[in-house]
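Undergrad: What follows is a protein structure lacking sequence information:
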Ligand SMILES: C[S@@+](CC[C@H](N)C(=O)[O-])C[C@H]1O[C@@H](n2cnc3c(N)ncnc32)[C@H](O)[C@@H]1O
């Protein structure tokens, strides 16, 4: 299967990153290398491109694509949350730009065997990497209260209680192995009363977030990245669901109005120092043309900060 992924908010991201030849850039979510290829082209043979991904297939495909660009590169099969260690390994202290294009690639969604889709029958996997706990492990081993919490928090699923109960009931008959077994159980928990096209969407989102630890440690990683920016450097983040976007928004907000002094203090005494500015007041979303060509862009939001 060829690696297919259309980069989201490509023009807008490149605009805010404002890549300078000779600079150091870190793409934490390499994927198909679409954003990285544009960064590499703008480096004009000078500077350094560092990139990480959890998915060996992404690293292979992007590595081949980026070979055409004559600029120094280092790829890491790693979680971008290891950012500080990765740049240290590359002998770098400051970076001029960081990009996170969060979530899964179209390739991962399309590759049936990975089990991300609630529309195709496949093993219940959902891992971005080929290591660690699968979605089947979660639904077959977590206790009912934990399942309910995950579905509610990560899926914003109002019917989390009934779904968690049904999952436990069903796994006692036979442990879950496939995506469609889980979809049937979710539908049964709704008793046929749902208005969405597929009531499994929120549960699948929740399981994907849990399996890949998508939200845990994201704020800390953003702070590490902001700390490592050189003056004028940019941290750009593209999110695809409200939980992730809220987390990015709040983390950036904390970097900007983190002063904890009482409002009536004439001067700041808490020691907070604002080191970054927001690149845009509101998140950037896809324009009409992109939305027509790439439905995946519908939920995308780009936020960015610039180092003072
Ligand atoms: C939306 S795709 C990126 C697409 C890429 N920007 C492009 O234009 O081709 C997200 C990629 O990030 C990877 N990923 C998601 N979370 C990650 C994490 N915490 N650490 C490293 N890679 C991650 C996924 O495996 C996937 O390949």
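TA: Received, thanks. Predicted, not measured: the structure shown is a model, and the values here were computed from it.
Undergrad: so how far is the worst-scoring helix or strand of the chain on mean pLDDT off the chain centroid?
TA: Least confident helix or strand, the chain: helix 106-110 with a mean of 87, by mean pLDDT, DSSP states H and E. Distance, stretch centre to chain centre, for helix 106-110: 14 Å (C-alpha atoms, centre = their mean, to the nearest Å).
Undergrad: what's that helix in contact with?
TA: Contact partners of helix 106-110, identified using C-beta atoms under 8 Å, 6 or more residues apart in numbering, comprise 1, 3-6, 31-32, 55, 57-58, 61, 114, 116-117, 128, 296. (Each C-beta comes from the backbone N, C-alpha and C, glycine too.)
Undergrad: Take these and keep only those in helices.
TA: 57-58, 61 (DSSP state H).
Undergrad: near the ligand, from the residues you listed?
TA: residue 58 (C-beta under 6 Å from any ligand atom).
Undergrad: Now, of the contacts of helix 106-110, which are buried?
TA: 3, 5, 31-32, 55, 57-58, 61, 114, 116-117, 128, 296 (16 or more other C-beta atoms under 10 Å).
Undergrad: rewinding a little: right, and the pair among the contacts of helix 106-110 with maximum separation?
TA: Pairwise distances across these peak at 19.6 Å for 61 and 117 (criterion: C-beta to C-beta).
Undergrad: Would you mark the buried spots in the helix or strand encompassing residue 224?
TA: In the assignment (DSSP states H and E), residue 224 maps to helix 218-227. Neighbour-count burial for helix 218-227, with 16+ other C-beta under 10 Å as criterion, is recorded at 218, 221-222, 224-226.
Undergrad: got it, and stretch 238-254?
TA: Quick answer for stretch 238-254 (16+ other C-beta under 10 Å): 238-241, 243-245, 247-249, 251-252.
Undergrad: Let me know the closest of those to residue 291.
TA: residue 240 (13.9 Å).
Undergrad: Skip the chain neighbours and tell me the closest residue to residue 148.
TA: Nearest non-adjacent residue to residue 148, counting by C-beta to C-beta, 6 or more residues apart in numbering: residue 164, 4.0 Å away.
Undergrad: any low-confidence regions in the chain?
TA: The model of the chain has pLDDT under 70 over residues 1.
Undergrad: State which strand of it is the longest.
TA: strand 229-239 (DSSP state E).
Undergrad: give the contact list for the residue nearest to residue 230 when sequence neighbours are not counted.
TA: Among residues not flanking residue 230 along the chain, residue 94 sits closest, at 4.1 Å (C-beta to C-beta, 6+ apart). Applying C-beta under 8 Å, 6+ apart to residue 94 gives the contacts 24, 228-230, 233.
Undergrad: Same check on residue 276?
TA: Contacts of residue 276 (C-beta under 8 Å, 6+ apart): 226, 229, 235, 252, 255-256, 305-308.
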